[in-house]
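*Asks:* Next comes the sequence, and after it the predicted model I'd like to discuss.
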Amino acid sequence: MITGLTWLLACQLAGELLVRLTHAPVPGPVVGMLLLFVLLQAQRAGEDASVVRTADVLLRHLQLLFVPAGVGIVVYLGTIRHDALPITVALLGSWLAGLAVVGWTTVLLERALDRRGSR
């Protein structure tokens, strides 16, 4: 478990360092997750890998990781209530934009696969 947790934290730290060094407009944990994905693919890690077992344990207790976010919402409830309209518009707009990007990507990938299959 310690080895797996060390791998997870090391990848997150590496992601944070890469983002800070390159000033990339991406969150460090996202880059760390990408690094972890590349490492796991390169190693062909199976279900018995320590990092996979550790991730399974963390996922089983994922609801506990939402407690700080819930507390933050309660603490800033007045601000959220005051700015409810802009927050709602931003949430709906980003949701629609994400939905459109996923849809267009799916259509493009299906077309590419159809072209590849017809060859």
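*Replies:* All right, it came through fine. Residues are numbered from 1 along each chain as shown.

*Asks:* Per-residue pLDDT of the residue nearest in space to the middle of the chain, please?
*Replies:* Among the residues of the chain, the one closest to the centroid is residue 30, at 5.5 Å (CA atoms, centre = their mean). pLDDT for residue 30: 93.

*Asks:* Skip the chain neighbours and tell me the closest residue to it.
*Replies:* residue 15 (6.9 Å; CB to CB, 6 or more residues apart in numbering). For glycine as for every other residue, the C-beta is placed from the backbone atoms N, C-alpha and C.

*Asks:* tell me the contacts of that neighbour?
*Replies:* Shown in contact with residue 15 (CB atoms under 8 Å, 6 or more residues apart in numbering): 28, 29, 30, 31, 32, 33, 34, 35.

*Asks:* To which secondary structure element is the residue nearest to the centre of the chain assigned?
*Replies:* Using DSSP states H and E, the element containing residue 30 is helix 28-43.

*Asks:* Now the helix or strand following that helix - C-alpha only, CSV.
*Replies:* Following helix 28-43 in sequence order, the next helix or strand is helix 50-60 (DSSP H and E). Coordinates of the C-alpha atoms in helix 50-60 are reproduced here as CSV (Å, rounded to 0.1, in the frame of the first residue of the first chain):
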residue,chain,number,x,y,z
SER,A,50,0.6,-2.1,-5.9
VAL,A,51,-0.5,1.2,-7.4
VAL,A,52,-3.7,-0.5,-8.8
ARG,A,53,-4.5,-2.0,-5.4
THR,A,54,-3.9,1.3,-3.7
ALA,A,55,-6.1,3.1,-6.2
ASP,A,56,-8.9,0.6,-5.6
VAL,A,57,-8.7,1.2,-1.9
LEU,A,58,-8.9,5.0,-2.4
LEU,A,59,-11.8,4.6,-4.8
ARG,A,60,-13.8,2.5,-2.3
